[in-house]
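J.: build me a model from this:
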Amino acid sequence: MTRPIPPASTQPHVAILDDEPEIRRMLADALEEAGFRTTSFGRATEFEAALKRMTPDVCLVDLGLPDRDGLALVHRLALESGASIIIISGRAQVQDRVTGLELGADDYIIKPFDPTEVVARVRARLRKGRGDAERGGHQTARFNGWTAHFDRYLLVAEDGTEVPFSHAEGEVLRLFLESPKRLISRAQMQESLGGAAGESFDRAMDVRISRLRTKLGEDPKNPTLIKTIYGAGYIFLGDVTWT
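T.: Take a look at the predicted model:
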(Lines give C-alpha, C1' and ligand atoms only; values in the text may rest on other atoms or scores of the structure.)
Protein backbone atom coordinates (compact mmCIF):
# COMPACT_ATOMS: atom_id res chain seq x y z
CA MET A 1 0.00 0.00 0.00
CA THR A 2 1.34 3.46 -0.90
CA ARG A 3 1.72 5.66 2.14
CA PRO A 4 -0.11 8.99 1.69
CA ILE A 5 2.20 11.97 1.34
CA PRO A 6 1.35 14.91 3.61
CA PRO A 7 0.53 18.28 2.06
CA ALA A 8 3.57 20.16 0.76
CA SER A 9 3.25 22.83 3.43
CA THR A 10 3.80 20.26 6.18
CA GLN A 11 6.70 18.41 4.55
CA PRO A 12 10.24 19.30 5.64
CA HIS A 13 12.26 20.60 2.71
CA VAL A 14 15.69 19.16 1.89
CA ALA A 15 18.00 20.87 -0.62
CA ILE A 16 20.47 18.55 -2.38
CA LEU A 17 23.67 19.96 -3.92
CA ASP A 18 25.79 17.38 -5.77
CA ASP A 19 27.29 17.46 -9.24
CA GLU A 20 26.56 13.75 -9.88
CA PRO A 21 23.04 13.27 -11.33
CA GLU A 22 22.85 9.65 -10.13
CA ILE A 23 23.50 10.66 -6.53
CA ARG A 24 20.97 13.50 -6.72
CA ARG A 25 18.32 11.10 -8.02
CA MET A 26 19.15 8.44 -5.42
CA LEU A 27 18.94 10.93 -2.55
CA ALA A 28 15.77 12.58 -3.85
CA ASP A 29 14.05 9.22 -4.32
CA ALA A 30 14.95 8.02 -0.82
CA LEU A 31 13.96 11.28 0.86
CA GLU A 32 10.69 11.70 -1.03
CA GLU A 33 9.76 8.10 -0.25
CA ALA A 34 10.31 9.00 3.42
CA GLY A 35 7.94 11.97 3.14
CA PHE A 36 10.29 14.90 2.48
CA ARG A 37 10.15 17.54 -0.22
CA THR A 38 13.41 17.88 -2.16
CA THR A 39 15.02 20.31 -4.55
CA SER A 40 18.21 19.26 -6.33
CA PHE A 41 21.09 21.26 -7.81
CA GLY A 42 24.21 20.31 -9.74
CA ARG A 43 26.06 23.61 -9.35
CA ALA A 44 26.64 25.94 -6.43
CA THR A 45 25.62 29.05 -8.38
CA GLU A 46 22.16 27.58 -9.05
CA PHE A 47 21.84 26.55 -5.43
CA GLU A 48 22.81 29.97 -4.08
CA ALA A 49 20.41 31.74 -6.43
CA ALA A 50 17.58 29.46 -5.30
CA LEU A 51 18.27 30.21 -1.64
CA LYS A 52 16.96 33.72 -2.26
CA ARG A 53 13.54 32.20 -2.99
CA MET A 54 13.43 29.18 -0.66
CA THR A 55 14.29 28.29 2.92
CA PRO A 56 15.22 24.61 3.22
CA ASP A 57 15.19 22.84 6.57
CA VAL A 58 18.26 20.74 5.72
CA CYS A 59 20.99 21.19 3.09
CA LEU A 60 22.93 18.17 1.80
CA VAL A 61 26.15 19.56 0.34
CA ASP A 62 28.85 17.77 -1.66
CA LEU A 63 32.33 19.26 -1.29
CA GLY A 64 33.55 18.40 -4.81
CA LEU A 65 31.64 21.05 -6.73
CA PRO A 66 32.62 22.17 -10.25
CA ASP A 67 32.08 25.90 -9.72
CA ARG A 68 32.72 26.67 -6.05
CA ASP A 69 34.80 25.53 -3.11
CA GLY A 70 32.47 23.29 -1.12
CA LEU A 71 33.96 24.12 2.26
CA ALA A 72 33.65 27.86 1.65
CA LEU A 73 30.00 27.34 0.73
CA VAL A 74 29.40 25.32 3.91
CA HIS A 75 30.92 28.14 5.99
CA ARG A 76 28.68 30.73 4.34
CA LEU A 77 25.59 28.59 4.85
CA ALA A 78 26.48 28.08 8.51
CA LEU A 79 26.73 31.83 9.09
CA GLU A 80 23.81 33.01 6.95
CA SER A 81 21.17 30.28 7.06
CA GLY A 82 19.15 28.58 9.74
CA ALA A 83 19.24 25.26 7.91
CA SER A 84 21.00 22.19 9.23
CA ILE A 85 23.99 21.35 7.03
CA ILE A 86 25.05 17.80 6.27
CA ILE A 87 28.16 17.32 4.15
CA ILE A 88 28.14 14.34 1.79
CA SER A 89 31.60 13.79 0.34
CA GLY A 90 34.06 11.27 -1.00
CA ARG A 91 36.77 12.92 1.07
CA ALA A 92 37.28 10.39 3.86
CA GLN A 93 40.34 11.89 5.54
CA VAL A 94 39.92 12.85 9.18
CA GLN A 95 41.17 16.38 8.48
CA ASP A 96 38.45 16.94 5.87
CA ARG A 97 35.79 15.88 8.38
CA VAL A 98 37.27 18.06 11.09
CA THR A 99 37.48 21.07 8.76
CA GLY A 100 33.88 20.63 7.68
CA LEU A 101 32.71 20.55 11.28
CA GLU A 102 34.90 23.54 12.19
CA LEU A 103 33.30 25.56 9.39
CA GLY A 104 29.81 24.90 10.76
CA ALA A 105 28.48 21.64 9.32
CA ASP A 106 26.19 19.63 11.59
CA ASP A 107 27.14 16.22 10.21
CA TYR A 108 29.47 14.56 7.70
CA ILE A 109 28.61 11.47 5.63
CA ILE A 110 31.27 9.73 3.54
CA LYS A 111 30.60 8.35 0.06
CA PRO A 112 29.64 5.66 -0.78
CA PHE A 113 26.68 5.66 1.58
CA ASP A 114 23.37 3.90 2.13
CA PRO A 115 20.46 6.26 1.32
CA THR A 116 18.61 5.00 4.40
CA GLU A 117 21.45 6.33 6.54
CA VAL A 118 21.08 9.77 4.99
CA VAL A 119 17.33 9.71 5.67
CA ALA A 120 18.02 8.76 9.30
CA ARG A 121 20.57 11.58 9.69
CA VAL A 122 18.16 14.11 8.19
CA ARG A 123 15.40 12.99 10.55
CA ALA A 124 17.78 13.29 13.51
CA ARG A 125 18.63 16.90 12.60
CA LEU A 126 14.95 17.80 12.25
CA ARG A 127 14.04 16.17 15.58
CA LYS A 128 16.73 18.26 17.23
CA GLY A 129 15.37 21.43 15.61
CA ARG A 130 11.83 20.69 16.77
CA GLY A 131 13.09 20.05 20.28
CA ASP A 132 14.66 23.50 20.39
CA ALA A 133 11.44 25.14 19.20
CA GLU A 134 9.33 23.28 21.74
CA ARG A 135 11.34 24.31 24.80
CA GLY A 136 9.26 27.36 25.63
CA GLY A 137 9.98 29.23 22.41
CA HIS A 138 12.77 31.30 24.02
CA GLN A 139 15.17 32.67 21.44
CA THR A 140 17.26 35.14 23.49
CA ALA A 141 19.54 34.49 26.46
CA ARG A 142 21.69 36.91 28.46
CA PHE A 143 24.79 35.80 30.34
CA ASN A 144 27.98 37.46 31.62
CA GLY A 145 27.73 40.53 29.41
CA TRP A 146 26.65 38.63 26.32
CA THR A 147 23.28 38.32 24.59
CA ALA A 148 22.69 35.26 22.42
CA HIS A 149 20.03 35.67 19.71
CA PHE A 150 19.20 32.15 18.52
CA ASP A 151 16.72 33.41 15.92
CA ARG A 152 19.52 35.38 14.26
CA TYR A 153 22.51 33.18 15.13
CA LEU A 154 24.22 36.15 16.73
CA LEU A 155 26.15 36.93 19.91
CA VAL A 156 26.16 40.59 21.01
CA ALA A 157 28.71 41.86 23.54
CA GLU A 158 28.07 44.68 26.05
CA ASP A 159 29.82 47.18 23.75
CA GLY A 160 27.57 46.19 20.85
CA THR A 161 30.13 44.02 19.06
CA GLU A 162 28.33 41.35 17.03
CA VAL A 163 29.75 37.84 16.65
CA PRO A 164 27.86 35.38 14.42
CA PHE A 165 27.69 31.70 15.29
CA SER A 166 26.70 28.71 13.21
CA HIS A 167 23.67 26.47 13.57
CA ALA A 168 25.91 23.69 14.92
CA GLU A 169 27.60 25.99 17.44
CA GLY A 170 24.19 27.30 18.47
CA GLU A 171 23.00 23.81 19.35
CA VAL A 172 25.87 23.37 21.80
CA LEU A 173 25.54 26.89 23.21
CA ARG A 174 21.81 26.43 23.81
CA LEU A 175 22.50 23.14 25.60
CA PHE A 176 24.90 24.88 27.97
CA LEU A 177 22.64 27.88 28.55
CA GLU A 178 19.66 25.67 29.36
CA SER A 179 21.66 23.78 32.02
CA PRO A 180 24.00 26.30 33.65
CA LYS A 181 26.24 25.18 36.53
CA ARG A 182 25.38 21.53 35.91
CA LEU A 183 27.73 18.85 34.66
CA ILE A 184 26.87 17.80 31.10
CA SER A 185 28.47 14.49 30.16
CA ARG A 186 29.43 13.42 26.65
CA ALA A 187 26.64 10.84 26.79
CA GLN A 188 24.11 13.56 27.65
CA MET A 189 25.39 15.72 24.82
CA GLN A 190 25.09 12.85 22.37
CA GLU A 191 21.55 12.07 23.54
CA SER A 192 20.47 15.69 23.28
CA LEU A 193 22.22 16.67 20.07
CA GLY A 194 21.90 13.42 18.16
CA GLY A 195 24.50 11.67 16.06
CA ALA A 196 26.38 8.45 16.57
CA ALA A 197 28.44 8.18 19.74
CA GLY A 198 32.15 7.64 19.28
CA GLU A 199 35.33 9.40 18.28
CA SER A 200 33.74 11.40 15.45
CA PHE A 201 31.03 12.82 17.74
CA ASP A 202 33.57 13.63 20.47
CA ARG A 203 35.77 15.43 17.95
CA ALA A 204 32.80 17.38 16.61
CA MET A 205 31.94 18.56 20.13
CA ASP A 206 35.55 19.52 20.82
CA VAL A 207 35.60 21.61 17.65
CA ARG A 208 32.33 23.40 18.41
CA ILE A 209 33.22 24.11 22.03
CA SER A 210 36.64 25.44 21.01
CA ARG A 211 35.03 27.79 18.50
CA LEU A 212 32.45 28.98 21.05
CA ARG A 213 35.21 29.72 23.56
CA THR A 214 37.05 31.77 20.93
CA LYS A 215 33.92 33.75 20.06
CA LEU A 216 33.25 34.42 23.75
CA GLY A 217 36.80 35.70 24.22
CA GLU A 218 37.79 32.84 26.50
CA ASP A 219 41.41 32.03 27.35
CA PRO A 220 41.79 28.55 25.79
CA LYS A 221 44.18 27.51 28.55
CA ASN A 222 41.97 28.78 31.38
CA PRO A 223 38.35 29.25 30.24
CA THR A 224 36.01 30.77 32.82
CA LEU A 225 32.61 30.11 31.22
CA ILE A 226 32.82 26.68 29.59
CA LYS A 227 34.92 24.49 31.87
CA THR A 228 36.14 21.05 30.90
CA ILE A 229 35.85 18.43 33.63
CA TYR A 230 38.30 15.84 32.34
CA GLY A 231 36.84 12.38 32.08
CA ALA A 232 33.35 13.67 32.98
CA GLY A 233 32.15 16.39 30.59
CA TYR A 234 31.58 20.16 30.73
CA ILE A 235 30.06 22.78 33.03
CA PHE A 236 28.82 26.21 31.94
CA LEU A 237 29.51 28.59 34.85
CA GLY A 238 27.62 31.71 33.72
CA ASP A 239 24.41 33.21 35.13
CA VAL A 240 21.73 32.90 32.45
CA THR A 241 18.46 34.77 31.89
CA TRP A 242 16.11 33.74 29.06
CA THR A 243 13.64 36.11 27.40
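J.: show me where this structure has its strands.
T.: 13-17, 37-41, 58-61, 84-89, 107-110, 140-143, 146-149, 154-156, 162-164, 226-229, 233-236, 240-242 (DSSP state E).
J.: who does the second one touch, helix- and strand-wise?
T.: The one in question is strand 37-41. Using 3 or more C-beta pairs under 8 Å, 6 or more residues apart in numbering; DSSP states H and E, the elements in contact with strand 37-41 are strand 13-17, helix 21-33, helix 44-50. Placement of C-beta: from N, CA and C, glycine included.
J.: the second one: how far from the chain's middle?
T.: The chain centroid and the centroid of helix 21-33 are separated by 22 Å, computed with C-alpha atoms, centre = their mean, to the nearest Å.
J.: quick check: angle from that helix to strand 84-89?
T.: 140 degrees (axes from the mean of the first three to the mean of the last three C-alpha atoms, to 10 degrees).
J.: ok, and what's touching helix 21-33?
T.: With contacts defined as C-beta atoms under 8 Å, 6 or more residues apart in numbering, helix 21-33 is touched by 14, 16, 18, 38, 40-42, 60, 62, 88, 111, 115-116, 118-119, 122.
J.: ok so, going back, need the strands of the chain in CSV (columns: mean pLDDT).
T.: Formatted as CSV, these follow (pLDDT from 0 to 100):
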stretch, mean pLDDT
strand 13-17, 94
strand 37-41, 95
strand 58-61, 94
strand 84-89, 91
strand 107-110, 90
strand 140-143, 95
strand 146-149, 95
strand 154-156, 92
strand 162-164, 88
strand 226-229, 93
strand 233-236, 94
strand 240-242, 94
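J.: make JSON lines out of those strands and add mean neighbour count and distance to R68.
T.: As requested, the strands of the chain are exported to JSON lines (neighbours: other C-beta atoms under 10 Å; distance: least, C-beta to C-beta, whole Å):
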{"stretch": "strand 13-17", "mean neighbour count": "24", "distance to R68": "9"}
{"stretch": "strand 37-41", "mean neighbour count": "19", "distance to R68": "11"}
{"stretch": "strand 58-61", "mean neighbour count": "25", "distance to R68": "10"}
{"stretch": "strand 84-89", "mean neighbour count": "24", "distance to R68": "14"}
{"stretch": "strand 107-110", "mean neighbour count": "20", "distance to R68": "18"}
{"stretch": "strand 140-143", "mean neighbour count": "18", "distance to R68": "34"}
{"stretch": "strand 146-149", "mean neighbour count": "19", "distance to R68": "29"}
{"stretch": "strand 154-156", "mean neighbour count": "17", "distance to R68": "25"}
{"stretch": "strand 162-164", "mean neighbour count": "14", "distance to R68": "20"}
{"stretch": "strand 226-229", "mean neighbour count": "14", "distance to R68": "34"}
{"stretch": "strand 233-236", "mean neighbour count": "20", "distance to R68": "35"}
{"stretch": "strand 240-242", "mean neighbour count": "14", "distance to R68": "38"}
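J.: of those strands, which is nearest Q188?
T.: In terms of C-beta to C-beta, the element of those nearest to Q188 is strand 233-236, at 7.1 Å.
J.: now do the closest one: distance to the chain's middle.
T.: Relative to where its chain is centred, strand 233-236 has its mean C-alpha point 20 Å off (C-alpha atoms, centre = their mean).
J.: and for stretch 152-166?
T.: The answer for stretch 152-166 is 18 Å, by C-alpha atoms, centre = their mean.
J.: stretch 45-62 now?
T.: That offset, for stretch 45-62, works out to 15 Å (C-alpha atoms, centre = their mean).
J.: before we move on, what about stretch 63-72?
T.: In terms of C-alpha atoms, centre = their mean, the centre of stretch 63-72 is found 19 Å from the chain centre.
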